[in-house]
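Chemist: With the sequence up front, the predicted model follows.
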Amino acid sequence: PLVTLSQQEIDTVVASVCGGAANVQDIYPLSPLQEGILFHHLLQERGDTYLLHSLMAFDSEDHLNAFIQALRLVIDRHDILRTAVCSQGLSRPVQVVWRSATLQVNTIEPAGTGDALACLRDCINPRQRRISLARAPLFSADTLYDPDRRQWLLGLCFHHMVCDHITMALICDEITRILQGSAAALPPPLPYRDFIAQLLRTPAPVHEAYFRSRLAGTDTPTAPFGILDVQESGGRTAELSRTLDASLTGRIQARARALGVSPGVLFHTAFARMLAQLCGHDDVVFGTVLMGRLQAGSSAEGGLGMFINTLPLRLSLAGMTVREAVLTTGRELAALFEHEQAPLALALRCSGVAAPLPLFSTLLNYRHSLPGGGTDGWHGMHLLETEERTNYPLTLSVDDTGNDFVLTAQAVSGIAPDRILRYLVTAVEGLVGTPGNEPEGPLAGISVLPPDERRQLLETFNATRRDFPRDSLVHTLFEEQVRRTPQALAVLS
């Protein structure tokens, strides 16, 4: 057993499961990030930031049904996909694995004529929609026939509580193999409980000692543009993506090899430099998404579930050269990896920032992704769009496909995602230099302002020279202006 429950609590859990005790396969605690996601789910009254969705189109109803059947087989195979969360009436929330959890499919009847895709998009909008975490599976499927395009549409919602980025790629891979008739060759599923058991072996004081050593002296939030609300997660965000050109991609890879680090370390260093400029101080803290599988035991490579975690990374790079800053960032990340499954709440308590102020309001997610999104083998099926969100005002994701780097910025109102992308790209360009001219100077010399914005700030905004009568005194000119426009505002402070 990985959790201790009273008989009353057991009865509460059993009552939450369709089919009762006979349908309860297992009960165990939540992972650290699952606890955080549950917190935000309970905090929101409308919509759900961590309800992710995809929109798909199918050439025929048979292709649609084949996909749904394949997804149901994948859900049947893996315990984490048949998991619900029970939090009411318990001293601590638990996740409950159901023996049987059938994906329900809802067919939408469009109201009159109109854009079927827009109708389906509105129906599954996670800013308005919620699903119950107490009922497995934490998926929902809505279908709609589009007569104008003669295709079947599927809106698939899945909760981040049970899926991370790698898990979704593994689900897509299993669906592909099932559709290709290779279901019998799928590897045996790995139980998610093994991962939970593994992370419970590290005592909380070990994590606490590390984070106190790194964060105790931090008393100022790192919050670009002064945006401190990290809980208003239901608001509308703007998103923009950009693929780096081949030349810059090659320079990033070459520079990383020369310094003996991964490209992810360069992006973390550039992100820290950007935050230092935006916040006006060199000692910055931001959230970084850890893959969470380094200490996951047998589940690390092919296990499905929520393995990732978000933890604060503090970087104080003042006075360092570019090389020193990159190597320091690499060492800090390596030390953080040893605590990759520490609870974020524990880490935040170790800082000197007094609640309710946040320690940080930005998130960097560097991850390895498949170039085609894992859907290349889906014949007669097309992925139209997909969306992932977080509760942070500014999130920047870097998808490393092996051949390209795709940068995506998500930002709340007041932060322009295109400017954030340009700032980060400018910082990265400064870190890697040009072929044969690698930077070895101070990190402080690396600018985050693109050339056109620098010209605007230094030249355009300062082009204030005006012609005026040289033979008149200032107070005389003021008096003349008063006579011309006596009702106009003279001074605004």
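Modeler: That came in fine, so what should we check first?
Chemist: Next, the contact list for the residue nearest in space to the middle of the chain, please.
Modeler: Centroid-nearest residue in the chain: residue 390, 5.2 Å away (criterion: C-alpha atoms, centre = their mean). Residue 390 makes contacts with 49-50, 233, 363, 410, as judged by C-beta atoms under 8 Å, 6 or more residues apart in numbering. For glycine as for every other residue, the C-beta is placed from the backbone atoms N, C-alpha and C.
Chemist: right, and the secondary structure at residue 250 would be what?
Modeler: Classification of residue 250 by DSSP: H, G, I helix; E, B strand; the rest coil places it in helix.
Chemist: Give me the neighbour count for it.
Modeler: Applying other C-beta atoms under 10 Å, we find 13 residues neighbouring residue 250.
Chemist: circling back: looking at the contacts of residue 390, which are in strands?
Modeler: 363, 410 (DSSP state E).
Chemist: A helix includes residue 481, no?
Modeler: Yes: under three-state DSSP, residue 481 sits within a helix.
Chemist: need the contact list for it.
Modeler: Counting by C-beta under 8 Å, 6+ apart, residue 481 has contacts residue 488.
Chemist: How many neighbouring residues does residue 445 have?
Modeler: Under the neighbour criterion other C-beta under 10 Å, residue 445 is assigned a count of 10.
Chemist: what sits against it?
Modeler: Contact analysis of residue 445 by C-beta under 8 Å, 6+ apart lists 430, 439.
Chemist: Check it and give its pLDDT.
Modeler: According to the prediction, residue 445 has pLDDT 92.
Chemist: Could you measure from it over to residue 315?
Modeler: 17 Å (C-beta to C-beta, to the nearest Å).
Chemist: and if you look at residue 339?
Modeler: Note on residue 339: its distance to residue 315, by C-beta to C-beta, is 16 Å.
Chemist: that older thread, what's the closest of the contacts of residue 390 to residue 419?
Modeler: Closest approach between these and residue 419, by C-beta to C-beta: residue 410, at 13.4 Å.
Chemist: mind giving me the domain split of this protein?
Modeler: 7-189, 202-458 (the TED database).
Chemist: what's near enough to touch residue 289?
Modeler: Residues near residue 289 by C-beta under 8 Å, 6+ apart: 308-310, 363-367.
Chemist: Looks to me like it is in a strand.
Modeler: Yes: assessed by three-state DSSP, residue 289 belongs to a strand.
Chemist: That one pairs with what?
Modeler: Beta-bridge pairing of residue 289, defined through DSSP bridges, involves residue 310.
Chemist: With adjacent residues omitted, what lies nearest to residue 63?
Modeler: Once flanking residues are discounted, residue 63 sits nearest to residue 380: 4.0 Å by C-beta to C-beta, 6 or more residues apart in numbering.
Chemist: In contact with that neighbour, which residues?
Modeler: Shown in contact with residue 380 (C-beta under 8 Å, 6+ apart): 58-60, 63.
Chemist: Buried only: go through those for me.
Modeler: Neighbour counting by 16 or more other C-beta atoms under 10 Å classes 58, 63 among the contacts of residue 380 as buried.
Chemist: just checking, which of the contacts of residue 380 belong to helices?
Modeler: residue 63 (DSSP state H).
Chemist: mind putting the contacts of residue 380 in CSV, distance to residue 183 and pLDDT included?
Modeler: Converted to CSV, the contacts of residue 380 look like this (distance: C-beta to C-beta, whole Å; pLDDT from 0 to 100):
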residue, distance to residue 183, pLDDT
58, 20, 96
59, 22, 95
60, 21, 94
63, 17, 95
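Chemist: just the contacts of residue 380 now: which is nearest residue 279?
Modeler: Distances from residue 279 to these, taken by C-beta to C-beta, are shortest for residue 58, at 47.3 Å.
Chemist: Who does the closest one form a beta bridge with?
Modeler: Applying DSSP bridges, one finds that residue 58 bridges with residue 152, residue 381.
Chemist: ok, it touching residue 68?
Modeler: No: the criterion here is C-beta atoms under 8 Å, and residue 58 misses it with residue 68 at 9.8 Å.
Chemist: anything in contact with each of the two?
Modeler: residue 154.
Chemist: mind listing the strands for this structure?
Modeler: Counting by DSSP E, the chain has strands at residues 24-29, 51-58, 83-86, 94-98, 105-107, 139-146, 151-159, 237-243, 283-290, 309-316, 362-368, 381-387, 394-400, 405-412.
Chemist: In contact with the closest residue to residue 223 other than its chain neighbours: list those residues for me.
Modeler: Leaving aside its sequence neighbours, residue 223 sits nearest to residue 361 (C-beta to C-beta, 6+ apart; 4.4 Å). Applying C-beta under 8 Å, 6+ apart, we find residue 361 in contact with 221-224, 227-230, 392-394.
Chemist: Next, count neighbours for residue 486.
Modeler: Neighbour tally, residue 486, other C-beta under 10 Å: 7.
Chemist: and if you look at residue 363?
Modeler: The burial count for residue 363: 21, using other C-beta under 10 Å.
Chemist: in the sheet, who's paired with it?
Modeler: Applying DSSP bridges, one finds that residue 363 bridges with residue 287, residue 395.
Chemist: Tabulate the strands of the chain in CSV, adding columns for distance to residue 179.
Modeler: Formatted as CSV, these follow (distance: least, C-beta to C-beta, whole Å):
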stretch, distance to residue 179
strand 24-29, 27
strand 51-58, 12
strand 83-86, 25
strand 94-98, 25
strand 105-107, 17
strand 139-146, 16
strand 151-159, 14
strand 237-243, 28
strand 283-290, 30
strand 309-316, 32
strand 362-368, 24
strand 381-387, 8
strand 394-400, 25
strand 405-412, 26
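Chemist: Lowest average pLDDT across those?
Modeler: Lowest mean pLDDT within the strands of the chain: strand 381-387, at a mean of 88.
Chemist: so who does residue 220 touch?
Modeler: Per C-beta under 8 Å, 6+ apart, neighbours of residue 220: 281, 283, 353.
Chemist: Give me the pLDDT for it.
Modeler: pLDDT recorded at residue 220 is 93.
Chemist: can you give me the helices in the stretch 251-400 of the chain?
Modeler: Secondary structure of the stretch 251-400 of the chain by DSSP state H, counting those that start in this stretch: the helices cover 263-279, 322-337, 344-349.
Chemist: okay, these, which one's buried deepest?
Modeler: Among the helices of the stretch 251-400 of the chain, the stretch with the highest mean neighbour count (mean count of other C-beta atoms under 10 Å) is helix 263-279, at a mean of 24.
Chemist: Just want the angle from that helix to strand 405-412.
Modeler: Put simply, helix 263-279 runs at 30 degrees to strand 405-412, going by axes from the mean of the first three to the mean of the last three C-alpha atoms, to 10 degrees.
Chemist: And helix 263-279, what does it pack against?
Modeler: Under the contact definition 3 or more C-beta pairs under 8 Å, 6 or more residues apart in numbering; DSSP states H and E, helix 263-279 sits against helix 246-259, strand 283-290, strand 309-316, helix 322-337, strand 362-368, strand 394-400, helix 417-432.
Chemist: Would you mark the buried spots in the first one?
Modeler: Judged by neighbour count (16+ other C-beta under 10 Å), helix 246-259 contains these buried residues: 249, 251-253, 255-256, 259.
Chemist: related to what we said a few turns ago, quick one, which of the contacts of residue 361 are buried?
Modeler: Neighbour counting with 16+ other C-beta under 10 Å marks 221-224, 227, 230, 392-394 as buried within the contacts of residue 361.
Chemist: Which of those residues lies at the shortest distance from residue 188?
Modeler: residue 392 (36.9 Å).
Chemist: on that earlier part again, mean pLDDT for the domains of the chain: which is lowest?
Modeler: Lowest mean pLDDT within the domains of the chain: domain 202-458, at a mean of 90.
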